[in-house]
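J.: Quick check, what structure comes out for this input:
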Amino acid sequence: MSLDAEVSVSPVSISLAIDDPILADRLVALLDGVTGLRLVARGEPADAILGMPEPQGAQLDELELTPREQEVLALLAEGASNKLIARRLGISVHTAKFHVGSLLNKFDAIGRTDAVAHAARLGVLQL
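T.: This next block holds a predicted model:
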């Protein structure tokens, strides 16, 4: 067989395990016309299953935010500085900084934006 000869390869079959019907429909529309890919119904044999990650319930259950931390987190999501957080909540800048630090620790975040991203991913914060 020469290198230029076309090798016929059976398509890769993928099953979607997505509970969100809107997302599932969007994925079907995107993947439907892809050459070398065949979508199969849930439960049919498939080479791969495309699904949603398991919710990180254990982490979310262990995460307890105080009402004040929830307020600070909402302001962080708006991009507020410690000074603005302090002004909006009627607390000192030092106290605002303390709450931000506490949130960084609870989310194991490397910065303010990372804390907001973790909170959104865990469902603690709706953006």
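J.: Would you map the strands across the protein?
T.: For the chain, strands defined by DSSP state E occupy the ranges 12-17, 37-40, 48-51.
J.: Describe which strands the second one pairs with in its sheet and in which direction.
T.: Same thing as strand 37-40. strand 12-17 (parallel) (DSSP bridges).
J.: If you count neighbours, what's buried in stretch 114-127?
T.: Buried residues in stretch 114-127, counted by 16 or more other Cβ atoms under 10 Å: 115, 116, 117, 118, 119, 124, 125. Where C-beta positions appear, they are placed from N, C-alpha and C, glycine not excepted.
J.: Take those and keep only those in helices.
T.: Among the buried residues of stretch 114-127, DSSP state H puts 115, 116, 117, 118, 119 in helices.
J.: from the residues you listed, which is closest to residue 34?
T.: In terms of Cβ to Cβ, no member of those lies closer to residue 34 than residue 117, at 29.8 Å.
J.: Please work out which residues outside the helix ranked longest in the chain touch it.
T.: Here the longest helix in the chain is taken by residue count, with DSSP H as the criterion, and it is helix 93-106. Residues outside helix 93-106 that contact it (Cβ atoms under 8 Å, 6 or more residues apart in numbering): 63, 65, 68-69, 72-73, 76, 82-83, 85-86, 89, 109-112, 114-115, 119.
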